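1. Below are the sequence and a predicted model; questions follow.
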Amino acid sequence: MTDTDWGDEGGQARPKKKRIPTWAWWTCGGGCLLVTLVSASVAVFAVRLYREGRDPERQWPRLGEVLAFEERPAGIELKFGASVGASQFHLFDREKNLRATLVEYPSTAAADYKRIMDPDFSLPMGFGAPVDPERGTLVIQGREVPSLRFTRIKPEPEGQGFGPGVRLDLTGKRAKPRTLELRRPGPGRIEDAEVEAFLLPFEVWKE
């Protein structure tokens, strides 16, 4: 009798036991594949969002839907724009050395967006809290609007970062809330006249 005969009746070798069940391969392998596909999709979306956000030919028309203008303001660069939940635009006035962030929130945020106009506003651990807040109003193209001035935003180190700024509520009668924040490096305060001059090329209250 052969070794095979002794090891198994009928002369057939026993199939070797699989160390890892087939279902485990499908479960783990499928899960890893799903994670890979999701990660790749997120990466592609992020790259596309960044490229489109940096394209002025795409972003200026979108900005015009949030803050109207007849012609592109000379001297103002649209550095980045995106619309993920809220529409956000980053502009730079090189001559005045002013950086602006314009945000249009969804209409569902109408009850919550005013928190960022609150001098006591902050995120967990104090992030985002305005330092030396000063609440007031400014007249923008004939309409008085709430304003909030500050010397810096935590956790920016003192004397560094984007410098002092002023935040405006430009919602008016619009259905979607809208805020504008202007900042300039250095210790100097951004005066009311500078805010008005920055917004002069735009038709703030035009729907």
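-> Received the coordinates, thanks.
2. pretty sure residue 63 is in a helix, no?
-> Yes. Membership of residue 63 in a helix is supported by DSSP: H, G, I helix; E, B strand; the rest coil.
3. Without its sequence neighbours, what residue ends up closest to it?
-> In space, and not counting its chain neighbours, residue 63 is closest to residue 89: 5.2 Å by Cβ to Cβ, 6 or more residues apart in numbering. Yep, even glycine has a C-beta here, placed from its N, CA and C like the rest.
4. For the helix or strand containing that neighbour, name the packing helices and strands.
-> According to DSSP states H and E, residue 89 maps onto strand 86-93. Here strand 86-93 touches helix 56-66, strand 76-84, strand 98-104, going by 3 or more Cβ pairs under 8 Å, 6 or more residues apart in numbering; DSSP states H and E.
5. Just say which of the ones you listed is most tucked in.
-> Ranked by mean neighbour count, the helices and strands packed on strand 86-93 are led by strand 98-104 with a mean of 20 (mean count of other Cβ atoms under 10 Å).
6. so that one versus strand 76-84, what angle?
-> Going by axes from the mean of the first three to the mean of the last three Cα atoms, to 10 degrees, strand 98-104 is angled at 30 degrees with respect to strand 76-84.
7. which outside residues touch strand 98-104?
-> 63, 66-67, 86-93, 162, 176-184, 190, 194, 198 (Cβ atoms under 8 Å, 6 or more residues apart in numbering).
8. Which strands or helices does the helix or strand just after it pack on?
-> The helix or strand immediately downstream of strand 98-104 is strand 130-131, counting by DSSP H and E. Using 3+ Cβ pairs under 8 Å, 6+ apart, the elements in contact with strand 130-131 are strand 143-150, strand 152-153.
9. The residue nearest to residue 63 is in contact with residue 77, isn't it?
-> No. In this structure, residue 89 is not within contact of residue 77 by Cβ atoms under 8 Å, at 11.0 Å.
10. what sits in contact with each of these two?
-> Common neighbours of residue 89 and residue 77 (Cβ under 8 Å, 6+ apart) do not exist.
11. Report the central residue of the protein.
-> Central residue of the chain (Cα atoms, centre = their mean): residue 88, 6.4 Å from the mean position.
12. And residue 80, how far from residue 111?
-> Going from residue 80 to residue 111 by Cβ to Cβ, to the nearest Å gives 28 Å.
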